[in-house]
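[1] model this:
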Amino acid sequence: MTNKVEKTSRRKFLLAAGAAAGATAVTAPNVVKAQGPVSMRWQSTWPSKDIFHEYAIDFAKKVNDMTGGDLKIEVLPAGAVVPAFQLLDAVSKGVLDGGHGVLVYHYGKQNALALWGSGPGYAMDANMLLSWHKYGGGKELLDEIFKSIGANVVSFPYGPMPTQPLGWFKKPVTKVDDFKGLKFRTVGISIDVFSGLGAAVNALPGGEIVAAMDRGLIEAAEFNNASSDRALGFADVSKIYMLQSYHQNAEQFEISFNKTKYDALPAKMRAIIENAVEAASQDMSWKAIDRYSQDYVDLQTKDKVRVYKTPDAVLKRQLEIFDEVAKKYAANNPLFKKIVESQLAFAKRATQWENDTIVSRKMAYDHYFGPNAKAPI
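    Below is the predicted model:
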């Protein structure tokens, strides 16, 4: 009798356990489904017609696709929620979940942020500066900056920009003295550089520059590249385009998240975001080469823009002024000094390696496309 009772009890236990397991199997997916996708509202610091806003959308699409829709980022253009220069505060406070811009736009919070791209990069290009950021200590220093200003953000510098033009002018720049009294637009530590050249500087977001030139509020301006400059309408207010400058020789974009919201994401989703940043960085570089080169041709052929190289005397003076400015800031800002020393140490070996290793592409260009070039096939 005891065995019969025990067997009956075991059967009831197993049946109950099986029923519980079945209930779990049925209800667990419903719990996950009920949570739904994570939605984020972003803003870029660029007008919707600018290729930079397109880069922001490109990144969002990569994340949306890679997460299978579990994370959905919506990107709004500059001014949709806050003005471009207020993006950091909006993301930090959670007014926005994230954003796409440049670190130099936060220059007013901490001038050391300008060292991510607003300057000569100590002979590095933007891709090399990103190498310093990831492998040379830059990431840790950027985290230190954000902590020092109480910014509740997670920041991902990405998207190396080619050397930016000196800008758009009413007449060609032929000497340093041409900047004396010139009403000029720029941002970040470049404000100090062009002020040192003698210009009267006005910092404006990208979407406001052309209108300011048209109204005579400024006489000349720099922004970024042939595609952005063409889309924003610079050729409508100026026909003189000065190329090559040290004021922003190594800049990159910034993808930022509200730290509280980012930290709450599953580890797998954060890993996808980090890898999407690097994928978008490379894709942006490829797209830039294609689009910038075509718009560079169109500016000259369709918009009748005249292109000039910045005189070496102006370039040399930019370097000298930048060093003066950096020395002044380093004396009063230990974090600024720490970042400069870190960049210099990395740049010395990286640029020596580059200069010793990379063959001259100018020679190859002249061989294939110069005045005495012969058809290779």
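[2] State the distance from the residue nearest to Ile73 when sequence neighbours are not counted to Val102.
    Nearest-residue entry for Ile73: Ala60, 3.9 Å, with adjacent residues in sequence omitted and distances by Cβ to Cβ, 6 or more residues apart in numbering. Every residue, glycine included, has its C-beta placed from N, CA and C. Here the criterion is Cβ to Cβ, to the nearest Å. By it, Ala60 lies 17 Å from Val102.
[3] Look at these two and report which has more neighbours.
    The neighbour count for Ala60 versus Val102, taken as other Cβ atoms under 10 Å, is higher for Val102 (28 against 23).
[4] unless I'm mixing things up, that one is touching Ser44, no?
    No - Val102 is beyond contact range of Ser44, at 10.5 Å (criterion: Cβ atoms under 8 Å).
[5] Tell me, please, where in this protein the pLDDT is lower than the cut-off.
    By pLDDT under 70, the low-scoring segments of the chain are 1-35.
[6] just the strands in it please.
    For the chain, applying DSSP state E gives strands covering 38-44, 71-76, 98-101, 153-160, 167-169, 183-185, 200-202, 220-221, 240-243, 252-258, 306-309.
[7] So in that sheet, which strands flank the third one, and in what orientation?
    Meaning strand 98-101. strand 38-44 (parallel), strand 252-258 (antiparallel) (DSSP bridges).
[8] domain ranges for the chain?
    In the domain annotation for the chain, the residue ranges read 37-160+250-290, 167-248+305-360 (automatic domain parsing).
[9] how about these, which one is nearest Pro371?
    domain 167-248+305-360 (17.3 Å; Cβ to Cβ).
[10] sorry, back to before: could you list which residues are in contact with the residue nearest to Ile73?
    By Cβ atoms under 8 Å, 6 or more residues apart in numbering, Ala60 lies in contact with Trp42, Ile73, Glu74, Val75.
[11] what sits against the second one?
    Residues counted as contacts of Ile73 (Cβ under 8 Å, 6+ apart) are Met40, Trp42, Phe59, Ala60, Val63, Asn64, Asp97, Gly98.
[12] Turn the residues you listed into TSV, including distance to Asn152.
    TSV is the format used below for these (distance: Cβ to Cβ, whole Å):
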residue	distance to Asn152
Met40	15
Trp42	16
Phe59	21
Ala60	21
Val63	20
Asn64	24
Asp97	12
Gly98	12
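[13] can you pull the contacts of Ala231?
    Per Cβ under 8 Å, 6+ apart, neighbours of Ala231: Lys49, Asp50, Ile51.
[14] List buried residues within those residues.
    Using 16 or more other Cβ atoms under 10 Å as the burial test, these include Asp50, Ile51 as buried.
[15] Could you count how many residues lie near Ser228?
    The burial count for Ser228: 22, using other Cβ under 10 Å.
[16] hmm, I was thinking of Arg317
    Count around Arg317 with other Cβ under 10 Å applied: 18.
[17] Next up, the contacts around His133.
    Counted by Cβ under 8 Å, 6+ apart, His133 has contacts Trp116, Lys139, Leu142, Pro157.
[18] meant to ask about Gly69, not that
    By Cβ under 8 Å, 6+ apart, Gly69 lies in contact with Pro37.
[19] ok, now how distant is it from Tyr122?
    For Gly69, the distance to Tyr122 equals 43 Å [Cβ to Cβ].
[20] Next, format the contacts of Ala60 as TSV and append distance to Ala211.
    Shown next, in TSV, are those (distance: Cβ to Cβ, whole Å):
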residue	distance to Ala211
Trp42	25
Ile73	30
Glu74	27
Val75	23
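[21] Give the buried subset of those as a ChimeraX selection command.
    Here is the ChimeraX selection string for the buried members of these, based on 16+ other Cβ under 10 Å:
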select :42,73,75
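[22] ok, so of the contacts of Ala60, who is nearest Lys147?
    Proximity of the contacts of Ala60 to Lys147 was ranked by Cβ to Cβ; the top entry is Trp42 with 22.9 Å.
[23] sorry, back to before: tell me which of the strands of the chain is the most buried.
    Scoring the strands of the chain by mean neighbour count under mean count of other Cβ atoms under 10 Å gives strand 98-101 as the most buried, with a mean of 26.
[24] Thank you kindly, that will do.
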